[in-house]
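>>> I'll drop the sequence and a predicted model, then ask my questions.
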Amino acid sequence: MKELVVFNVVVFLLVNNVIYCEDIEKSTIQDPPPLVLVTLVKETLTNDEALTRLVRRTIFNGFEQGTTLRIIQPRKTTPATSKSSPEVIKLETIRSAIKKIGNETPLDGVILYVEHDLSLILSTPDEILSIFKNIGARILVSSDSTPCESKTTLTTSNGTEKYGNFAGFIGYKQELSEIFTTETSQKSLPLLLSHIYNDKKLRAKFQIELDLESTLFQTIVEDSSKVNLELKLSKETTYLFPTITKKFPINAPVHILQTNLCKSGNSYTYLNALGSYLTPTLPDDKLILSEDDEELPIVALAIFIERPTPFMEEFFVNIEELDYPKNRIDLFIHNHYKYNTNEVERFLAKNGQLYRSLKYIRSKERIKEWAARKMSVYWALEQKEVDYWFSVDSTAHLDDESTLRALIESNKLLIAPMLCSNTEFLPNICNWWGALNTDGFYAKSSDYDFIAEDVHKGIWNVPFVNTVYLVKISLLKDPETRPNFVLGMADADLAFAVNNRARGIFMHVTNEFHPGHLVINENYEIGHLHNDLYQIFDNRYDWENRYLHPNHSVSLSKEYKPLEPCQDVFWFPIVTPRFATEMIEEMEHYGQWADGSIEARGDLYPTVDIQMHEIGFNKHFHEFLRLYISPLQEKVFKDYEVYPPRTDQAFVVRYSADDQRELKPHFDESTYTLNIALNTPHKDFEGGGCRFTRFNCSVVDTRLGWGFVHPGQFTHKHEGLKVTNGTRYILVSFIDPQHEFDE
């Protein structure tokens, strides 16, 4: 049988995490080793991080490049081989390599073959050789629990059916050389080894056995969603528990860790996850960026606003403040919806001319998400000298200005900074998955909380990332690794991840630093004037940063003594001027003010007001009371412990020289009352204030965003003082009234 291909043997240099190769096909080994590890790679090595992982781990365990570690790759396709299937080319490449390497090893030499992307070598050459020789077989094949091909079922000597995992085998050179130099009709490695094993005469001749006890090869197998290797994590250490061999901890029982050829279920994902723990780091892992801005890599920054998103003003502030020169960034923006156009165009008016180049896709162009993402990839390739493509969704708030530099310095082909939501109701919603369920969607990995909560820090190989990630341009240039956002009816994020996994592209997430947080936009309603004002539930962190007074937390400290302008009237900083302005504007936009008559409100002391429930803010205001007012009340009214606070009277009052100017003395129907100033005396109005008649004490020079609380009944009769000019707005709530009501 004529050989279809020849092969290269390459030796590796790892420089800045990049593999450089030297052809040593014609070299000779002066001192033949007793064990040679062989693995097969593709024609190109540019984007093969799995190979980097294998090389690192084997060298760490004492293998030597070019001697005990031999990497083979097919020659480039020629007219003679162009019609051959990949499996045939692979088999013939292995056949040629074993023939050559067999000539360079001693008579009793042993050859170990593994698939580089499906294997981790966890023991030294001496340990592997010793274990193999103690087994007594001449050839040992890794076993599996499920077949990848229907024709590769193996029948053992007692008649039971087993399966070979042909991602790994080990054998003496004499037997392997004979097997791989004998002409055969088998067209793939699994078919060839299955044929020999199932032929009783050939099995006896070559003494070929399956590693059914996982003595040497530990194959990650899957039963539903459980794998047969369990990662045991604690704050102090990490263990790998092999459930077949029942040995503990790692490195002693697990020598060669593999998944099967078909990468079934989560086995491949789990191998990659384990690789994050089991692959040693090297000093040259990180890039060191130049201090000269003009020598920094060029980045194509692609921003995607695929649905209406809250807090876009803060998003663009973070983009503007990235610690990276804008003349080294090409900027691409896709704004799918008109809603956020004002924020986009304000940002571009201020910064657009500072970037190296700019492409802005407006909502009116009606470009779908997958098409826009694909467009950005090809746009990046068109820009001159681009080194990275940086994809950022509108929900990614990069609060750390050094994020882009840190990602570049991580020196990965594809890496995402870990972002999570900061919301009580949505804990640990992050931009990565640690595992997959049987349908290929999110499943919680055993180490998810350890990583998300920073118990374990590092760079992690994960099956899914989205929202923000940095990609080296080499992935974009190669058609086989170029990001692909289409997969049936799947959304672009899922398609991107699934296609990456199918092509063996590693996706990493890092929690080595804290880049920022996620904003949640799935439930974002845009029917109000100031829609972000309603985000106290889904995006509390951002809501507080924008709307909660910066000194509110100071008021809660033990040392803080609140102002008490009148007896049992306590004054606190509560909200920002922006909250006050937007609340006034929201009320005026609604516009249906009660006219201040008794008939309008059914109240003996009516005001010109609008209730919170009328603008759809009732549940939000109750949350506001629970989070920010109740702790203040507990500080000053210590014997009153009703939680959570309730109200059926929460409203904004408008006093005006042209309308209702004042309010007569009255008691509030509440346990205590909240009164927040929404604008400023002597600027927006003259006069006004609140006088407590029993104490003949007035609060007149109110402070914007500050509020006071006071008892509502019996002791604190009060009146609204006359406004003589302008318009005064206050937010009032009668908290815990002494009657029943429907909340």
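Now that the structure is in, tell me what you want to look at. Residues are numbered from 1 along each chain as shown.
>>> end-to-end on stretch 103-123?
End-to-end span of stretch 103-123 (C-alpha to C-alpha, to the nearest Å): 25 Å.
>>> please give the element, helix or strand, for Ile584.
helix 577-590 (DSSP states H and E).
>>> which residues in the stretch 501-650 of the chain form helices?
Ranges of helices in the stretch 501-650 of the chain, per DSSP state H, counting those that start in this stretch, are 540-547, 552-555, 577-590, 598-601, 618-624, 630-636.
>>> export the fifth one as CSV, just CAs?
Output of helix 618-624 as CSV, limited to C-alpha atoms (Å, rounded to 0.1, in the frame of the first residue of the first chain):
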residue,chain,number,x,y,z
ASN,A,618,-45.5,52.3,44.1
LYS,A,619,-43.6,49.0,44.4
HIS,A,620,-40.3,50.8,43.7
PHE,A,621,-41.0,53.4,46.5
HIS,A,622,-41.8,50.6,49.0
GLU,A,623,-38.4,49.1,48.1
PHE,A,624,-36.9,52.6,48.6
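>>> mind listing what's buried along it?
Within helix 618-624, the residues that count as buried by 16 or more other C-beta atoms under 10 Å are Asn618, His620, Phe621, His622, Glu623, Phe624. Bear in mind the C-beta positions are built from the backbone N, C-alpha and C, glycine included.
>>> still on that earlier bit, do you know which of the helices of the stretch 501-650 of the chain lies nearest Gly527?
Closest of the helices of the stretch 501-650 of the chain to Gly527 is helix 577-590, at 11.2 Å (criterion: C-beta to C-beta).
>>> what's the local residue count around Tyr388?
The local packing of Tyr388 (other C-beta atoms under 10 Å) involves 21 other residues.
>>> can you verify my assumption that Ser276 contacts Trp460?
Yes. Ser276 lies in contact with Trp460 (C-beta atoms under 8 Å); the separation is 4.7 Å.
>>> tell me the average confidence for the lengthiest helix in the chain?
Secondary structure of the chain per DSSP state H: the longest helix is helix 86-104. The pLDDT scores in helix 86-104 average 84.
>>> ok, then the element right after it?
Counting by DSSP H and E, the next helix or strand C-terminal to helix 86-104 is strand 110-115.
>>> that next one packs against which elements?
Applying 3 or more C-beta pairs under 8 Å, 6 or more residues apart in numbering; DSSP states H and E, one finds that strand 110-115 contacts strand 35-40, helix 86-104, helix 125-135, strand 161-172, helix 173-181, strand 256-258.
>>> among the ones you listed, which is the most enclosed?
Of all the helices and strands packed on strand 110-115, strand 256-258 carries the top mean neighbour count, a mean of 24, counting by mean count of other C-beta atoms under 10 Å.
>>> just checking, what packs against that one?
Counting by 3+ C-beta pairs under 8 Å, 6+ apart, strand 256-258 packs on strand 110-115, strand 119-121, strand 161-172, strand 217-219, helix 267-278.
>>> with distance to Leu413 and mean pLDDT as extra columns, can I get these in TSV?
Listed next are those as TSV, based on distance: least, C-beta to C-beta, whole Å; pLDDT from 0 to 100:
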stretch	distance to Leu413	mean pLDDT
strand 110-115	20	93
strand 119-121	19	90
strand 161-172	23	83
strand 217-219	27	85
helix 267-278	13	85
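>>> can you say which of those is nearest to Leu632?
Each of the helices and strands packed on strand 256-258 has some distance to Leu632 by C-beta to C-beta; the shortest is helix 267-278, at 45.7 Å.
>>> by mean pLDDT, which helix or strand of this protein comes out lowest?
When the helices and strands of the chain are scored by mean pLDDT, DSSP states H and E, strand 18-23 comes last with a mean of 37.
>>> how about low-confidence regions in the stretch 51-200 of the chain?
The stretch 51-200 of the chain contains residues with pLDDT under 70 at 75-83, 145-152, 155-161.
>>> what do you get for the stretch 301-450 of the chain?
In the stretch 301-450 of the chain, residues with pLDDT under 70: 423-428.
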